[in-house]
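K.L.:
the sequence and its predicted three-dimensional model are supplied below.
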Amino acid sequence: MSGGQIDGVYSLKGEELFCKYTTVRLKFSVEKERRGSLMKRRFAGSLLVFFVLYGVCTGCATKIPVTVTKPAEINMASTRKIALLDFPYVPKHETITAEDLFKLALKKLFKSALGGMKTIQEEVEEYVVERFILTLVQTNYFHVVGTQEIREELERASRSDVDAVRIGKAVGAQAIIHGEIYLMKAWDDETVEMEDREDSITNQNVKVAVTWVTRRAEIGLKYYVVNTETGIIIANRSFESSSESREEKENTHYLPDPLEMYKGIIDSFMSQVARQLAPYRVQEARRLMKDKNPQMKAADRYVKGGIYDSALDIYLDVWKSSKNVAAGYNAAILYEVTGDLDAGITLMKQVVDAHPERRIMKEYNRMLNAKQEQERLLKQLS
């Protein structure tokens, strides 16, 4: 694998240039201080520059940016088609079973076809479904069946005794997602605060009483994932958050509408929903160890140029000949970066056994976790 890229571009020339530029500026500052300060100031300045330079050099250790695909939190293997039902509002103080909630979602499914003016509660319910559909579609992992399609399929057949298994067969979905909105609340609070304001006549600051209005909104929702082959709930997750906005009482017309606040909170849940249900990508970095060995410096230049195979060969040669800890550590990292995680784990174990240092053990454990995630991901993608 030439270059060893994992869905990313590895270029650290900007970072290397910053480190060199910073070092030159620091050296210039030291020289300037030597020419114009007392001995005591020179000594103190030298100590300061030493620690700064030490920090800069440590920070210049070569990093390789990588894009990593992570497994979903919930195992949705063999599930590629999902049917979305409604999310009715059920106040928190009202107890309702998951089975009754499913029946309520079905009831609202057919009621929504009647049309008419919508309450803010109904608009929020619809918005939750819309955002779930959009979020799942954007993962490029699922095909989503919306409420209208479900309703049309069920109307073609008998609507009596409808359950998750029958819906799954009707629309060809392997799972159904439905849920509830258990918290929906918005209110205004008024407070009076003494503040400094400029008097328009005297231009002097004076204390005045200012009335502020704070609008708050809260939303809580929960969703269930139901297997349509068995009708069993395989997972459920919940979210709860709030939002607020503040204006002077005379400017309350600038406060956001509660519906828009509800929508903003719901939007904030969606990135987490996506990661719970579908594999996702994250940007990470692998930091190499620095070493003064000339061969290691040559390997580092190869890494910065993206020539990972050549760098790996040098690190392996140095490790085999001298058991240099940085060489073994860096070779293990490059094995992972170039797609051979198993070889990386094996080599990092050898480095840990020879040099049981905290940083190396931490990296070894990270690689073991990465292996577990890789296995989970393969199952989800199969």
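P.N.:
Received the coordinates, thanks.
K.L.:
for the stretch 151-300 of the chain, which segments count as helices?
P.N.:
Here the stretch 151-300 of the chain has its helices, by DSSP state H, counting those that start in this stretch, at 164-171, 258-277, 294-304.
K.L.:
now render the ones you listed as CSV, adding mean pLDDT, distance to Gly220 and mean neighbour count.
P.N.:
From N, CA and C alone the C-beta is placed, and that goes for glycine too. Below are the helices of the stretch 151-300 of the chain laid out as CSV (pLDDT from 0 to 100; distance: least, CB to CB, whole Å; neighbours: other CB atoms under 10 Å):
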stretch, mean pLDDT, distance to Gly220, mean neighbour count
helix 164-171, 88, 24, 19
helix 258-277, 97, 9, 18
helix 294-304, 94, 48, 18
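K.L.:
with respect to Lys185, which of the ones you listed lies nearest?
P.N.:
helix 258-277 (9.1 Å; CB to CB).
K.L.:
looking at the protein, which helix or strand is least sure?
P.N.:
One helix or strand of the chain scores below all others by mean pLDDT, DSSP states H and E: helix 39-59, with a mean of 37.
K.L.:
tell me the helix or strand right after that helix.
P.N.:
Next along the chain after helix 39-59, taking DSSP states H and E as the criterion, comes strand 63-70.
K.L.:
and that next one, what does it pack onto?
P.N.:
Judged by 3 or more CB pairs under 8 Å, 6 or more residues apart in numbering; DSSP states H and E, strand 63-70 is in contact with strand 280-287, helix 325-337, helix 358-381.
K.L.:
buried set for that strand?
P.N.:
In terms of neighbour count (16 or more other CB atoms under 10 Å), strand 63-70 has its buried residues at Lys63, Ile64, Pro65, Val66, Val68, Lys70.
K.L.:
elements contacting the next helix or strand after that strand?
P.N.:
With elements assigned by DSSP H and E, the helix or strand that comes after strand 63-70 is strand 81-84. Applying 3+ CB pairs under 8 Å, 6+ apart, one finds that strand 81-84 makes contact with helix 120-138, strand 143-145, helix 147-156, helix 164-171, strand 175-198.
K.L.:
who does the second one touch, helix- and strand-wise?
P.N.:
For strand 143-145, the contact count by 3+ CB pairs under 8 Å, 6+ apart identifies strand 81-84, helix 120-138 as packing neighbours.
K.L.:
sorry, back to before: pick the most buried one from the helices and strands packed on strand 63-70.
P.N.:
Of these, the one with the most neighbours on average (mean count of other CB atoms under 10 Å) is helix 325-337, at a mean of 26.
K.L.:
mind listing what's buried along the following helix or strand past that helix?
P.N.:
Where DSSP H and E defines the elements, the next helix or strand beyond helix 325-337 is helix 341-354. Of the residues in helix 341-354, those with enough neighbours to count as buried (16+ other CB under 10 Å) are Leu341, Ala343, Gly344, Ile345, Leu347, Met348, Val351, Val352.
K.L.:
now, which of these sits nearest Arg376?
P.N.:
Within the buried residues of helix 341-354, the smallest distance to Arg376 is 13.6 Å, found for Leu341 (CB to CB).
K.L.:
need the contact list for the residue nearest to the closest one when sequence neighbours are not counted.
P.N.:
Of all residues not flanking Leu341 in the chain, Lys371 sits nearest, at 5.9 Å (CB to CB, 6 or more residues apart in numbering). Residues in contact with Lys371, defined by CB atoms under 8 Å, 6 or more residues apart in numbering, are Leu341, Asp342, Ile345.
K.L.:
repeat the analysis, applying 10 Å as the threshold.
P.N.:
If you count contacts by CB atoms under 10 Å, 6 or more residues apart in numbering, Lys371 has them with Glu336, Leu341, Asp342, Gly344, Ile345.
K.L.:
give me the low-pLDDT residue ranges for the stretch 51-200 of the chain?
P.N.:
For the stretch 51-200 of the chain, the stretches with pLDDT under 70 are 51-60, 93, 106, 109-116, 157-161.
K.L.:
residues in contact with stretch 202-217?
P.N.:
Outside of stretch 202-217, the residues within contact range by CB under 10 Å, 6+ apart are 184-199, 241-252, 255-265.
K.L.:
and the helices and strands packed on strand 63-70 as a markdown table, adding distance to Leu101?
P.N.:
Below are these laid out as a markdown table (distance: least, CB to CB, whole Å):
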| stretch | distance to Leu101 |
| --- | --- |
| strand 280-287 | 28 |
| helix 325-337 | 45 |
| helix 358-381 | 27 |
